[in-house]
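In: Got a sequence here, can you model it:
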Amino acid sequence: MADKLIIVESPAKANTIKKFLGGSTKVVASMGHIRDLPKSKLGIDVEHDFEPEYINIRGKGDLIKSLKKDAETAKTVYLATDPDREGEAIAWHLANILEVNSDKITRVTFNEITKNAVQKAIKEPRNIDINLVNAQQARRVLDRIVGYKISPVLWKKVKRGLSAGRVQSVAVKLIVDREEEIEKFIPEEYWNIYAELLDEKSKKDFIAHFTGKQGKKVELHSKEDVDNILNDLKNAKYIVTDVKKGEKKRTPAPPFTTSTMQQEASRKINFTLKKTMSVAQSLYEGVKLPQGLTGLITYMRTDSTRISDEARKVAKEVINKNYGEKYYENRFYRTSKDAQDAHEAIRPAHIELAPDDIKEYLTTDQYKLYKLIYNRFLASQMSAAVYDTMNVTINANNYDFKASGQNLKFKGFMVLYVEGTDSKEQEEQEMLP
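Out: Here you go, the predicted structure:
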């Protein structure tokens, strides 16, 4: 008989947690949701406040019996499902089906699967957050109403196999609206002029772009406009009339949220959204290292860029040790006002575990994503990159051209990580001669 019963979603998460707890604690997995709406009917009482009608998921009967038995013999039951609305709903369903005194059931959450985080959570239990549960139920009910009612119409009117959904149907509407805007767009002819120039002193060439005439902006709408200017520029001397030198800084991107992690994983390591979340889940739940199963990242479903003071402190130590003090800068990132901010940003759970130090214990995909998360987080606490800049104004027969360039003089965070871009153009400019 175990004094404490801890229920989580997955066996991997259960195995990682076990090593942090004593022999009087039993950790078991619910294997995800245990109750859901029936597949054979709508399962929602539309006439009575859209009350959902839950049933036990088929095939989970033996698991539910086992959970009930374990809960009956335990002194305290800790529902340690994920710290989001889905995890809260699973905890609520578990509390309802276990059939034990509600006084012995409590809720615990942790943002990372580390010894300190798990033990602290058990010392600070709370009640199930019914607001989070209701948020999940609202999402589930809307999913069912939209999908269950509209999908069959699509099968009849358009094509079998198509589906409608709370999110995807709205997304399709946005795409249609955008496509209609594109179809209505009337393109206008637009030209530009670039001059390839040679600096007489350095014998290096550079590109300047046409901006106008005698300080006024000129737009080119036809080849005739361009040819007229080119004729005026024959045998013209290009004279530098103004040079502005300066300095600019580039600051690092904040630590990952779920959406920015998915975007960057797509850009940098060619992961699909689904693959990114699957690999992140495995890193969060635990990877087998020499010291045992170890959760490598914090919870991967978050809209926050906030990080803990402890994580910031360890990041400082790692940066100062590996790169030097001039590369460290204590940074705080402001989370969007619309964010729930329930959890930290996605970051390494053990910042001392560098990706290359544990590479042999990770799959190729785990290594790629862990390195991305690790480097992004560490870079977010580093100094800005510093550039020397130069902007040059050039005149030729009263026509104006401009050229600009920059030179990286201090890499700062870029020694470790540079945020990806969707643009195919070269991001960095070279310094002008």
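In: Packing partners of the helix or strand harbouring Arg376?
Out: Taking DSSP states H and E as the definition, Arg376 sits inside helix 364-379. Applying 3 or more Cβ pairs under 8 Å, 6 or more residues apart in numbering; DSSP states H and E, one finds that helix 364-379 makes contact with helix 258-269, helix 273-285, helix 309-322. Yep, even glycine has a C-beta here, placed from its N, CA and C like the rest.
In: Try it again at 6 Å.
Out: helix 273-285 (3 or more Cβ pairs under 6 Å, 6 or more residues apart in numbering; DSSP states H and E).
In: ok and the helix it packs on relative to helix 364-379, angle-wise?
Out: Helix 273-285 runs at 80 degrees relative to helix 364-379, counting by axes from the mean of the first three to the mean of the last three Cα atoms, to 10 degrees.
In: so after helix 273-285, what's the next helix or strand?
Out: strand 287-289.
In: Next, the residue of the chain positioned farthest from its centre: phi, psi?
Out: Largest separation from the mean C-alpha position in the chain: Asn235, at 54.4 Å (Cα atoms, centre = their mean). For Asn235, the backbone dihedrals (degrees, to the nearest 10) come out as phi 60, psi 10.
In: same thing with Gly215?
Out: Dihedral angles (degrees, to the nearest 10) for Gly215: phi 80, psi 0.
In: so how many other residues sit close to it?
Out: Applying other Cβ atoms under 10 Å, we find 10 residues neighbouring Gly215.
In: Tell me which helix or strand the closest residue to it other than its chain neighbours sits in.
Out: Nearest non-adjacent residue to Gly215, counting by Cβ to Cβ, 6 or more residues apart in numbering: Asp400, 6.7 Å away. Using DSSP H and E, Asp400 falls within strand 399-410.
In: Run through who's touching stretch 10-19.
Out: Identification of contacts with stretch 10-19 by Cβ atoms under 6 Å, 6 or more residues apart in numbering yields Val8, Val27, Ala29, Ile113, Val118, Glu285, Gly286, Gly292, Leu293, Gly295.
In: Tell me which two in those are the farthest apart.
Out: In the contacts of stretch 10-19, two members sit farther apart than any others by Cβ to Cβ. They are Ala29 and Gly292, at 17.8 Å.
In: Comparing those two, which shows the higher neighbour count?
Out: Ala29 (18 against 12).
In: For the more buried one, give me the pLDDT.
Out: In this model, Ala29 is scored at 97, pLDDT.
In: Lys424 too?
Out: Lys424 is assigned 54 on the pLDDT scale.
In: what comes up buried for stretch 387-399?
Out: Tyr387, Thr389, Met390, Val392, Thr393, Ile394, Asn395, Ala396, Tyr399 (16 or more other Cβ atoms under 10 Å).
In: what do you get for stretch 87-106?
Out: Neighbour-count burial for stretch 87-106 [16+ other Cβ under 10 Å]: 87-95, 97-98, 105-106.
In: for stretch 239-258, same thing?
Out: Pro252, Ala253, Pro254, Pro255, Phe256, Thr257, Thr258.
In: and those, which of them are in helices?
Out: Per DSSP state H, helices hold the following members of those: Thr258.
In: The nearest residue to Leu432 once chain neighbours are set aside pairs with what?
Out: Closest residue to Leu432 apart from its sequence neighbours, by Cβ to Cβ, 6+ apart: Gly405 at 3.9 Å. Gly405 has these beta-bridge partners by DSSP bridges: Met390.
In: Just give me the neighbour total for Gly405.
Out: 18.
In: mind checking the longest helix of this structure?
Out: Max-length helix for the chain by DSSP H is helix 130-157.
In: starting at the chain centroid, how far to it?
Out: Here helix 130-157 shows a centroid-to-chain-centroid distance of 25 Å under the convention Cα atoms, centre = their mean, to the nearest Å.
In: Poorly predicted segments of the chain, please.
Out: Low-confidence segments of the chain, defined by pLDDT under 70: 1, 337-342, 422-429, 431.
In: could you redo the last one with a cut-off of 50?
Out: 426 (pLDDT under 50).
In: Show me it divided up by domain.
Out: 4-136, 194-251+385-415, 258-379 (automatic domain parsing).
In: and the shortest one, how far from the chain's centre?
Out: What that stands for is domain 194-251+385-415. 38 Å.
In: What of stretch 361-368?
Out: Mean-position distance between stretch 361-368 and its chain equals 19 Å (Cα atoms, centre = their mean).
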